[in-house]
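Asks: Model the following, please.
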Amino acid sequence: MSSPDGAVFIDGLRPVDVLTVVAVTDVTPSVRRVTLSGEPTAVAAAGPTVNLLVPQVDDAEPRWPRIQRDGRIVWPQGSHGIALRSYTARRQDSAAGEVDIDFVLHGDGPAASWAAAAQPGALLGIAGAASLAERSARWLLLIGDETALPAISRLLAAAPPETLGAAYLEVAGPEEEQPLVAPPGIALHWLHRGATAPGESTLLVGAVAALDRPEGDDVFAWVGAESATVRAIRADLRGRWGLGRSQHHAIGYWRRGRAMSPAG
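Replies: Got it, this is the predicted structure:
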């Protein structure tokens, strides 16, 4: 088995790619952007959705797992303190060997705790990647909270200029809004939940419920938020809108009452 750098491993396992923190920036009061550096091949493979291996805070020598030929993770025996979380890379630049990951800091899960303490020199592992399950369409609907902003930012940036549609984005308040590049035909709507706790708002569900289905079948909806919110929106899209499986992708990025662990 060969790793990206050409090394061969007789036991059929390869090491995970390990990236190093080179910069930490607070994008909004609750979103921290961590810029990671690594080999160009590792950075190119780190997205759009990437499985991050998050060590415990201040663990200078993490006990990383290894990867089988079929992509499965082989964890080290005994306590290792590594958490597996899925995120969407906000930016990938393989030529520069850099990737940006945005972490939402509310919550006390391992990823939020690691990001809150992250400093240049800290390490983060990568154990595979996947697509955003997107599809091109004449009319595009994007729904998400702050955990989905990296994915939605990439979907908007990749949409052809003639694309029509709408994006509904829930954040705590105006201070949490982020600049997004979108085709002129896609209307951006920021929804502020105010003092309502994350995952307890009905703003996204209500926005979709009040939206009329566009004409025609060239429609695609992408939804990423708290699991209960996503289930309600998915039911509306399948029922009232009549969208088939190929016309929508809805994923629960996190679950209220559990450590936030975005999956896209």
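
Asks: Show me what the closest residue to residue 46 other than its chain neighbours bridges to in the sheet.
Replies: Using C-beta to C-beta, 6 or more residues apart in numbering and skipping residues adjacent in sequence, the residue nearest residue 46 is residue 99, 4.8 Å away. (Each C-beta comes from the backbone N, C-alpha and C, glycine too.) Going by DSSP bridges, residue 99 is paired in beta bridges with residue 36, residue 92.

Asks: ok, now which ones touch residue 99?
Replies: Neighbour list for residue 99: 19, 35, 36, 38, 43, 46, 47, 50, 89, 91, 92, 93 [criterion: C-beta atoms under 8 Å, 6 or more residues apart in numbering].

Asks: hmm, try it at 10 Å
Replies: 19, 34-38, 42-47, 50, 89-93, 124, 126 (C-beta atoms under 10 Å, 6 or more residues apart in numbering).

Asks: and the gap between the closest residue to residue 240 other than its chain neighbours and residue 185?
Replies: In this structure, residue 240 finds its nearest non-sequential neighbour in residue 213, 7.1 Å apart by C-beta to C-beta, 6+ apart. According to C-beta to C-beta, to the nearest Å, residue 213 and residue 185 sit 17 Å apart.

Asks: Now do the residue nearest to residue 95 when sequence neighbours are not counted: how many residues are near it, please.
Replies: Among residues not flanking residue 95 along the chain, residue 40 sits closest, at 6.8 Å (C-beta to C-beta, 6+ apart). A count of neighbours around residue 40, defined by other C-beta atoms under 10 Å, yields 14.

Asks: Torsion angles phi and psi at residue 40?
Replies: Here is the backbone geometry of residue 40 (degrees, to the nearest 10): phi -50, psi -40.

Asks: And for the residue nearest to residue 240, the neighbour number?
Replies: By other C-beta under 10 Å, 15 other residues sit near residue 213.

Asks: Please report phi then psi for it.
Replies: Per-residue torsions, residue 213: phi -70, psi 130 (degrees, to the nearest 10).

Asks: wait, it sits on residue 248?
Replies: No. Applying C-beta atoms under 10 Å as the test, residue 213 and residue 248 come out as separate, 11.8 Å apart.

Asks: Mutual contacts of these two, please.
Replies: Counting by C-beta under 10 Å, 6+ apart, the shared contacts of residue 213 and residue 248 are 141, 219, 221, 237, 241.

Asks: Find me the pLDDT at the third one, would you?
Replies: Looking at residue 221, its pLDDT stands at 98.

Asks: And the next helix or strand past the helix or strand harbouring it?
Replies: Using DSSP states H and E, residue 221 falls within strand 219-226. Note on strand 219-226: by DSSP H and E, the next helix or strand toward the C-terminus is helix 227-239.

Asks: That following helix: how far from the chain's middle?
Replies: With C-alpha atoms, centre = their mean, to the nearest Å as the basis, helix 227-239 stands 19 Å off its chain's centre.

Asks: Now that helix: buried residues?
Replies: 227, 229, 230, 232, 233, 234, 236, 237, 238 (16 or more other C-beta atoms under 10 Å).

Asks: What are the boundaries of the helices in this structure?
Replies: Using DSSP state H, the helices of the chain run over residues 40-44, 110-117, 149-158, 203-209, 227-239.

Asks: Using a markdown table, lay out those helices together with mean pLDDT.
Replies: Formatted as a markdown table, these follow (pLDDT from 0 to 100):
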| stretch | mean pLDDT |
| --- | --- |
| helix 40-44 | 93 |
| helix 110-117 | 95 |
| helix 149-158 | 97 |
| helix 203-209 | 98 |
| helix 227-239 | 97 |
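
Asks: okay, these in JSON lines with distance to residue 193 next?
Replies: Formatted as JSON lines, these follow (distance: least, C-beta to C-beta, whole Å):
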{"stretch": "helix 40-44", "distance to residue 193": "34"}
{"stretch": "helix 110-117", "distance to residue 193": "18"}
{"stretch": "helix 149-158", "distance to residue 193": "14"}
{"stretch": "helix 203-209", "distance to residue 193": "6"}
{"stretch": "helix 227-239", "distance to residue 193": "11"}
